[in-house]
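**Q** Predicted model follows, preceded by the sequence.
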Amino acid sequence: MTNRQIIIPGEKIVDSGDFLPGEGTEKRAGGIYALRFGLAETSDKLIRVIPLSGVYSPRRGNVVIGKVEEINFNGWRININASETAFLSLMEVPRYVNKDGLDEVMDIGDMVVAKVWGINKRGIDLSIKSRGLGRIDEGIIMEINPHKVPRVIGKEGSMIRLIKENTGCNITVGQNGLIWITGNKVEDELFAKKAILYVAEKCFVSGLTEEMEKWFDKEKGK
């Protein structure tokens, strides 16, 4: 059983008892306290706070969506809504690219789905070698707070699967809060966007998957 509640920094979540402090919490003065604003989650005696605000913090393996902001002689600099821009090297493109024709692969202003494969002193390194990655040429792109992405995806992908099934759209969720939606018609894409915004708005609600099933029944009955 998992219980969730909105919490603010410094607020006492529970008496310490048998509970253990997890991410975003600390144990002091006989209780476990929040270190940041977010959603307090209690699961198997572990207390953690899922942040609901703040910038995206990249992790290796994350799929992200970004915009090409600069082209140089060996790759593309891409804005992924992190504290620093990321870089996609020619070496991480799954085909031969002429160094004089980088803009033919991706131009400034283009959107791209990529994977974070490295984080170091030089910055964030991206790759588009895996399936499903590369330049975005169709559909719509929306944005939510990156810290609400886990709720949009759901446990083992349950929420995003529900949205796909009810809208008939393909949906790629970037861990940085950008989401790419493609459907057979724009009305389907906008319906999927509306559903995702509803999940983001209600992210603090327990039993959200069941809530969304009711929401879809209501929306389709209009």
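**A** Thanks, I have the structure now.
**Q** What's the separation between Phe19 and Ala29?
**A** 14 Å (CB to CB, to the nearest Å). The C-beta positions use only the backbone N, C-alpha and C, and glycine is treated the same way.
**Q** neighbour count winner among those two?
**A** More neighbours surround Phe19 than the other of Phe19 and Ala29, with 18 against 8 (other CB atoms under 10 Å).
**Q** Buried residues, stretch 98-110. List them.
**A** Buried residues in stretch 98-110, counting neighbours by 16 or more other CB atoms under 10 Å, are found at Leu102, Val105, Met106, Asp110.
**Q** Just those residues: which are in helices?
**A** Leu102, Val105 (DSSP state H).
**Q** which one of the buried residues of stretch 98-110 sits closest to Gly38?
**A** Nearest to Gly38 among the buried residues of stretch 98-110, counting by CB to CB, is Asp110 at 33.4 Å.
**Q** List the residues that contact the closest one.
**A** Lys67, Val68, Arg135, Ile136 (CB atoms under 8 Å, 6 or more residues apart in numbering).
**Q** Give me the phi and psi angles of it.
**A** Phi and psi for Asp110, reported as degrees, to the nearest 10, are phi -70, psi 150.
**Q** likewise the one 3 residues further on?
**A** Torsion angles at Val113 (phi, psi; degrees, to the nearest 10) stand at phi -100, psi 130.
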